[in-house]
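*Asks:* Attaching a predicted model along with its sequence, questions to come.
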Amino acid sequence: MASNGGNEFRIPETMKAWVLGDPDQLSMVEKPVPDPGRAEVLVRIDAIAVCATDLEILSHGLPAMIDGELPAPPMAETLAFILTEAGDGFVAFEGETAAKLLNPMGAVHGGWALTLIDSATTCAALSVLPPGVGCTTVETKANFARPIFADSGRVRAEGRVVTQGRRLLTAEAKVTDARGRVLAHGTSTLMTVGADR
């Protein structure tokens with residue numbers, strides 16, 4: 001059992017996760033929760049979302065998330081995008097456009113592209129931080145270059161670290177379509193958290 005504000009929640013034995021299958025198809029699968037004894041409850045709406053409590057795992061868990069050893073964040077299911085690549089100062093996310101993402105004007109809401117940018121820049125920053133150090137967004141700015149529609153298909157967001165200081169990092173990201181056209185681009189300022197720096 002985990003405690004959250006006095007409420008007791010049972011940590012589930014399985015979780016739902018987005019995986020990239022063949023041929024480049026996103027699908028939802030049910031997977032066992034890795035080491036439920038080290039998990040904590042984050043959110044409870046219809047289901048319980050879990051993540052590792054150890055910042056070392058979070059700082060170096062990007063490849064484990066790609067491999068399905070650690071759960072993807074719960075919003076990945078809602079917004080239909082997943083982390084597909086991670087390296088030193090670089091990450092890539094891929095997502096599928098859908099009618100559930102449309103705004104009243106009939107295009108995919110700009111917040112979806114902004115969330116891809118924020119996710120890519122934050123995870124790129126995480127990829128260069130030492131064990132025990134995480135980061136959080138201070139500011140994200142975005143420019144929307146082309147409209148994204150429900151039938152636009154797969155998009156890719158690539159994030160790269162631009163600068164790294166003692167407490168602040170900056171990173172940039174581009175969201176492109178399958179033909180490589182820039183749909184949106186942006187920058188983030190991130191602050192380290194977790195260890196005295």
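*Replies:* Looks like it arrived, so ask away. Residues are numbered from 1 along each chain as shown.
*Asks:* Let me see the ranges of the helices in the chain.
*Replies:* 55-59, 62-66, 75-79, 110-126 (DSSP state H).
*Asks:* Out of the ones you listed, flag the one nearest Ala86.
*Replies:* Evaluated over the helices of the chain, closeness to Ala86 peaks at helix 62-66, with 3.8 Å, by CB to CB. Just so you know, the C-beta spots here come from the backbone N, C-alpha and C atoms, and that holds for glycine as well.
*Asks:* any idea of the mean pLDDT in the closest one?
*Replies:* Across helix 62-66, pLDDT averages out at 81.
*Asks:* got the CA positions of that helix in PDB?
*Replies:* Listed next in PDB are the C-alpha coordinates belonging to helix 62-66 (Å, rounded to 0.1, in the frame of the first residue of the first chain):
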ATOM      1  CA  LEU A  62      15.100   6.900 -20.500                       C
ATOM      2  CA  PRO A  63      16.400   3.700 -22.300                       C
ATOM      3  CA  ALA A  64      14.500   1.600 -19.700                       C
ATOM      4  CA  MET A  65      11.300   3.500 -20.700                       C
ATOM      5  CA  ILE A  66      12.000   2.900 -24.400                       C
END
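*Asks:* For it, buried residues please.
*Replies:* Residues Leu62, Ala64, Met65, Ile66 are the ones in helix 62-66 that count as buried (16 or more other CB atoms under 10 Å).
*Asks:* Residues in contact with that helix: which ones?
*Replies:* Applying CB atoms under 8 Å, 6 or more residues apart in numbering, the contact partners of helix 62-66 are Ile57, Leu70, Pro71, Ala72, Leu83, Thr84, Glu85, Ala86, Val91, Cys123, Leu126, Ser127.
*Asks:* Just the buried subset of the residues you listed, please.
*Replies:* The neighbour count (16+ other CB under 10 Å) marks Ile57, Leu70, Pro71, Ala72, Leu83, Thr84, Ala86, Val91, Cys123, Leu126, Ser127 as buried among the contacts of helix 62-66.
*Asks:* so which of the residues you listed would you say is closest to Arg154?
*Replies:* Checking the buried ones among the contacts of helix 62-66 against Arg154 by CB to CB gives Thr84 as the nearest, at 10.4 Å.
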